[in-house]
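K.L.:
Fold the following and give me the result.
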Amino acid sequence: MIARRITPTPHNFSVWYAHVSGAQPDLSRAIDILDSNKVEFTPERNLDLYEQLLGASKEAEQIREAGERISAAAGAVLSVLQKAGAGTQKYGEVLGQATERIEGEPIDADRLQIIVEAILDETRRMVAQNQEIVGKLAQSSQEIDGLRKQIESARRETLVDALTGVGNRRMFDMRLRECLKQTLEEGGELCLLMADIDHFKRFNDTFGHQLGDLVLRLVAKALTDGIKGRDVACRYGGEEFGILLPKTRLEDALKLADGLRASIGARRIIKRGEERDLGHVTLSMGVSLYRPGEPAAQFVQRADAALYTAKRRGRNRVVSEVEVEAGELMPAGRAKG
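P.N.:
Take a look at the predicted model:
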């Protein structure tokens with residue numbers, strides 16, 4: 001970490017400890033690929049590694065803890081119900097005995113008074129027990145509902161990019177599977193838009209990571225605001241975003257992409273306090289159309305290849321998969337920039 005100038009934050013330490021210990025082979029492979037491509041381990045890159053490859057472990061631990069608490073709450077409910085069952089049985093026995101005594105032989109007023117008082121005493125006991133049961137069940141219900149919300153919150157946290165607030169790579173992969181399944185079952189078309197901020201590394205090196213983070217948040221918000229309905233925008237990694245467009249034709253996806261590109265490119269980045277104009281941020285975009293039955297990775301690769309073609313042709317443009325030539329396919333692991 002020192003050699004790579006990585007700040008020893010808890011998240012960063014978790015990432016690199018898991019890598020060095022060999023506990024997370026997928027994480028180690030990702031780091032080795034980044035190392036071989038001489039990619040800088042920026043704070044954003046380390047956060048991506050943590051969220052994408054260690055976030056699931058965090059979720060599993062939170063769910064395990066919540067599961068134990070739910071099990072304890074369920075045990076308490078069962079105990080209350082068993083107690084209620086025993087009390088109900090005793091109440092039934094008292095009523096049965098009273099009925100037998102009343103029907104079995106003639107009784108006088110004094111004996112009848114004793115029977116009635118016994119029934120009233122047992123009834124009062126049952127009322128008190130039922131009130132206790134209702135209170136305990138209500139408390140257990142609140143505890144279980146609170147744990148349900150906690151699990152939902154933990155799950156959301158592992159699906160949201162902490163920096164930009166949009167879905168992260170894990171969310172993208174999950175929604176991609178859902179969209180592919182829906183497309184196969186219901187028909188219709190599905191498009192994928194891959195967008196990458198042009199010269200983002202240069203912007204970071206020139207103005208610093210804080211302004212780089214600001215640009216990422218601005219782009220994420222603009223992409224989210226520019227889509228609607230079932231469309232979903234996620235941070236795919238680094239400065240790259242993926243947008244899934246269900247029920248969308250290729251020509252319509254291209255129009256949407258170009259509208260987003262133009263809208264973001266028209267904005268100026270102003271450094272507050274200094275009122276310093278940092279210029280424009282532009283996007284390069286690639287768009288692909290899903291071919292029923294093809295692997296998800298191939299669908300994404302075609303959009304990525306179109307994005308790489310947009311970069312090669314001068315950036316700040318949208319390229320369709322049909323415009324990509326065989327010699328312009330993006331080599332695996334190569335940075336776009």
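K.L.:
residue ranges with poor pLDDT in the chain?
P.N.:
51-113, 115-116, 134, 136-137, 140-141, 144, 146-157, 273-275, 325-336 (pLDDT under 70).
K.L.:
And the helices in it?
P.N.:
Secondary structure of the chain (DSSP state H): helices located at 10-21, 25-36, 43-49, 55-104, 109-159, 169-186, 200-207, 209-225, 250-265, 296-312.
K.L.:
Settle this for me: Leu245 is touching Gly188, isn't it.
P.N.:
No - at 10.8 Å, Leu245 does not count as touching Gly188 under the criterion of C-beta atoms under 8 Å. In short, each C-beta sits where N, CA and C put it, glycine included.
K.L.:
Only the buried residues of stretch 192-212, if you could.
P.N.:
Within stretch 192-212, the residues that qualify as buried are 192-201, 203-204, 207, 211-212, counting by 16 or more other C-beta atoms under 10 Å.
K.L.:
Need the CA coordinates for that stretch. CSV is fine.
P.N.:
Below are the C-alpha coordinates for stretch 192-212, written out as CSV (Å, rounded to 0.1, in the frame of the first residue of the first chain):
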residue,chain,number,x,y,z
LEU,A,192,-27.4,-1.0,-23.6
LEU,A,193,-25.6,2.4,-23.5
MET,A,194,-22.0,2.5,-22.2
ALA,A,195,-20.7,6.0,-21.5
ASP,A,196,-17.2,7.1,-20.5
ILE,A,197,-16.0,10.6,-19.4
ASP,A,198,-13.4,11.9,-21.9
HIS,A,199,-9.9,12.6,-20.6
PHE,A,200,-11.0,12.0,-17.0
LYS,A,201,-7.5,11.1,-15.8
ARG,A,202,-6.2,14.4,-17.2
PHE,A,203,-9.0,16.3,-15.4
ASN,A,204,-8.1,14.5,-12.1
ASP,A,205,-4.4,15.2,-12.5
THR,A,206,-5.0,18.8,-13.4
PHE,A,207,-7.7,19.8,-10.8
GLY,A,208,-7.4,17.1,-8.2
HIS,A,209,-9.6,14.2,-7.0
GLN,A,210,-12.1,16.3,-5.2
LEU,A,211,-13.2,18.0,-8.4
GLY,A,212,-12.9,14.7,-10.2
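K.L.:
rewinding a little: which one of Leu245 and Gly188 has more residues nearby?
P.N.:
Neighbours were counted for Leu245 and for Gly188 using other C-beta atoms under 10 Å; Leu245 has more, 26 against 12.
K.L.:
OK, contacts around the more buried one?
P.N.:
Under the criterion of C-beta atoms under 8 Å, 6 or more residues apart in numbering, the contact list for Leu245 reads 190-193, 227, 231, 252-253, 256.
K.L.:
Closest one to Ser320 out of the residues you listed, please.
P.N.:
Ala253 (8.5 Å; C-beta to C-beta).
K.L.:
what about the closest one, how many residues close to it?
P.N.:
25.
K.L.:
Let me see the contact set for it.
P.N.:
Counting by C-beta under 8 Å, 6+ apart, Ala253 makes contact with 191, 193, 245, 287, 289.
K.L.:
Just give the nearest non-adjacent residue to it, would you?
P.N.:
Nearest residue to Ala253 in three dimensions, chain neighbours excluded: Cys191, at 3.7 Å (C-beta to C-beta, 6 or more residues apart in numbering).
K.L.:
Quick check, that neighbour in contact with Met285.
P.N.:
No - contact criterion C-beta under 8 Å: Cys191 and Met285 do not qualify, at 11.4 Å.
K.L.:
Test my guess that Ile270 contacts His280.
P.N.:
No - under the criterion of C-beta under 8 Å, Ile270 makes no contact with His280, lying 11.3 Å away.
K.L.:
okay, and the common contacts of the two?
P.N.:
Residues touching both Ile270 and His280 (C-beta under 8 Å, 6+ apart): there are none.
K.L.:
Counting neighbours, what do you get for the nearest residue to Leu260 once chain neighbours are set aside?
P.N.:
Distances taken as C-beta to C-beta, 6+ apart place Gly226 nearest to Leu260, at 4.7 Å, with adjacent residues excluded. Neighbours of Gly226 under the rule other C-beta under 10 Å: 17.
K.L.:
One more: Val39?
P.N.:
Using other C-beta under 10 Å, the number of residues around Val39 comes to 15.
K.L.:
do Arg230 as well
P.N.:
By other C-beta under 10 Å, the residues close to Arg230 number 14.
K.L.:
Tell me who's in contact with it.
P.N.:
Here Arg230 is in contact with 246-247 (C-beta under 8 Å, 6+ apart).
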